[in-house]
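Chemist: got a predicted structure here, sequence first:
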Amino acid sequence: MVRFFRWLLGYVKFSFSGGFIDGFVNTCYQNKINVHNLKNKKGTLYGECLARDYRLLHIPARENGGKIRVLKKRGLIFLLMKIRNRWGLFVGALIFVCIVSFLSGFIWNVEIIGNDRISTAEISAFLDENNLKRGANWKSVDKDKIENLMMASFDDCAWVHINELNTTARVEINETVKKPKITSKKPANLKAKKDGLIVKASVTNGWQVAKVGDSVTEGDLLISGIYDSETKKGNQFAHASGEYIAEVKEKLNMIVSRKQSYKAYKEERTFKKLSFFGLEIPLYLSPYQKQNSELTYQSDYLILNSNELPIGIETIKERRYELKTKTLSDSELNSLVKAEIEKKLSEDFSDCEIIKKKIDVSLGADEAVVKGELLCLENIGKEVKIKIKNK
C-alpha cells in the first residue's frame, strides 16, 4: 500500500557524490526530509524520495560538499506531465468514463435461475412484456410490481426476487412444492359413457354389475357404489372404480373441398437493424411488409465473458407470397383425402385402439365426401357421484 501511494504522488531515485555521505544523511533527517532505500556503493550514495521533497535535498548536498543527480523518475505525476499537451487524451478519457457510467444504468443481461416446471421461454416472454429485458434502464423497472405480477401469473411460482447485480438482472425463482394428487373418496358409481360390448373388466373398488360379454348402452351401471353389508344396517357407500374395455362403434364423416388455397411465394428479402440498449436503428430504407409475408427473426449480440451484451444486429427475413386457389385433380384430391383421414384418426381417436375400419370416399365435382365406420377398443367407464339425501 505504501508503494502504491508513493507511485500516485511520484518519487525520484537520486545519487549523492563528491561529499560527506554521513553528514548528508544526518542533515536530511534533521531537516525532516524523508529519504529511504539508501545504499552506499564505492563512495556514492543512492536513495529515493518523494518528488516534492527532491528540491529540498540541494541544501544538505551543498552543506556537505557534494552534489545530487536524478537517476530515475517514477509515478503517476510524471506520466501525466508527459501527456499534458495532449488534451485530446484527457477529453477522450473523460468521455469514456461518462459513457461507462451512463451505460452501467442499463440492463445488459438477464439471468433466470431456480425454475424447473416453469419454462425459461415463458418467463422471458413475461419479463419482456413488463420491460425487464436487455437494454432497459434500471430506473424504469418496477421490481416489486413485476415480482407480484409474476407470482400471480404463474401458479407454480411460490416467490420470486429480482436482484440488481451491476448490469445483470438475476431473477431468482422458488417453485411451489407439488402436492400429491388425492383420490376422491366420495361415494360414486361407475357408469358407461358410450354404447359397447364389454371385452375386459377390472374392478378395483365397489360392487361389479356388468360383466365381460355384456352389451351396455350409455348411462348403464358398470360398478355400483352402493351395497348391503352383513354387519351394518342400511345401505353402505363406496367410491366405485375400475376399468371397462369395450368394443365401441364410431362414425367418421368428412368433407374435403376440391378447391384448395396455397401460398405462391414471390421473393425473399433481408433487412437488418442495429439494437443498442433497447434502441432499434433501422439499417434499411424501405420497410418490410407484415401482410402476406412470412417473417423470421434472428438476433446476433456481442458476447463478453459468455454473456450477451445488449448491442447487436437483428436480421429480419421477409418471404412474400400471394394466396392462390387451385382445383385439384382426382388423384391429387385422393392424396389429400388420405392425409386428412390419417390426421383426423390420430387427433380424434388417440385415446382408443382402432381394430377395424371401413371407409368409403366418393369424389364429386366440388368436393370429396368421406363416410366411415370404426370399431374401437375404448375404456367406457365414467365415475358419477352418488347424491345422498340427508334426512
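Modeler: That came in fine, so what should we check first?
Chemist: in contact with residue 9, which residues?
Modeler: 50, 51, 52, 75, 76, 77 (C-beta atoms under 8 Å, 6 or more residues apart in numbering). Backbone N, C-alpha and C define where each C-beta goes, glycine included.
Chemist: isn't the first one up against residue 33?
Modeler: Same thing as residue 50. No. Contact criterion C-beta atoms under 8 Å: residue 50 and residue 33 do not qualify, at 9.4 Å.
Chemist: re the thing from before, let's have the contacts of residue 9 in a markdown table, adding distance to residue 366.
Modeler: Below are the contacts of residue 9 laid out as a markdown table (distance: C-beta to C-beta, whole Å):
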| residue | distance to residue 366 |
| --- | --- |
| 50 | 102 |
| 51 | 100 |
| 52 | 102 |
| 75 | 94 |
| 76 | 90 |
| 77 | 94 |
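Chemist: buried ones among those residues?
Modeler: 50, 51, 75 (16 or more other C-beta atoms under 10 Å).
Chemist: run a quick neighbour tally on the closest residue to the last one other than its chain neighbours.
Modeler: Counting by C-beta to C-beta, 6 or more residues apart in numbering, residue 10 is the residue found nearest to residue 75 once chain neighbours are left out, at 3.1 Å. By the other C-beta atoms under 10 Å criterion, the neighbourhood of residue 10 contains 19 residues.
Chemist: please apply the same query to residue 170.
Modeler: Neighbourhood size, residue 170 [other C-beta under 10 Å]: 15.
Chemist: bridged to it, which residues?
Modeler: Beta-bridge partners of residue 170, counted by DSSP bridges, are residue 111, residue 163.
Chemist: test my guess that it contacts residue 132.
Modeler: No. In this structure residue 170 lies outside contact range of residue 132 using C-beta under 8 Å: 11.0 Å.
Chemist: quick one: contacts of stretch 141-158?
Modeler: Taking C-beta under 8 Å, 6+ apart as the rule, stretch 141-158 contacts 107, 117-118, 122-123, 126-127, 130-132, 159-162, 164, 169, 173-178.
Chemist: quick one: the strands in the stretch 201-350 of the chain?
Modeler: Counting by DSSP state E, counting those that start in this stretch, the stretch 201-350 of the chain has strands at residues 207-208, 215-216, 221-224, 226-228, 235-237, 241-257, 259-276, 279-282, 293-304, 307-327.
Chemist: take the last one, keep the C-alpha atoms, and write them as CSV.
Modeler: Looking back up the chat, that one is strand 307-327. Taking Å, rounded to 0.1, in the frame of the first residue of the first chain, the C-alpha atoms of strand 307-327 are listed here in CSV:
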residue,chain,number,x,y,z
ASN,A,307,-22.7,-13.1,-21.6
GLU,A,308,-24.7,-11.4,-24.3
LEU,A,309,-24.4,-7.6,-24.4
PRO,A,310,-27.5,-5.5,-25.4
ILE,A,311,-25.6,-4.5,-28.5
GLY,A,312,-26.1,-6.4,-31.7
ILE,A,313,-27.7,-6.8,-35.1
GLU,A,314,-31.2,-8.1,-35.7
THR,A,315,-31.8,-9.8,-39.1
ILE,A,316,-35.4,-10.0,-40.5
LYS,A,317,-36.0,-12.2,-43.4
GLU,A,318,-39.2,-11.4,-45.4
ARG,A,319,-40.7,-14.1,-47.6
ARG,A,320,-43.6,-12.6,-49.6
TYR,A,321,-46.4,-14.7,-51.0
GLU,A,322,-49.7,-14.5,-52.8
LEU,A,323,-52.7,-16.6,-51.9
LYS,A,324,-54.0,-18.6,-54.8
THR,A,325,-56.7,-21.2,-55.3
LYS,A,326,-56.2,-24.5,-57.2
THR,A,327,-58.7,-27.0,-58.3
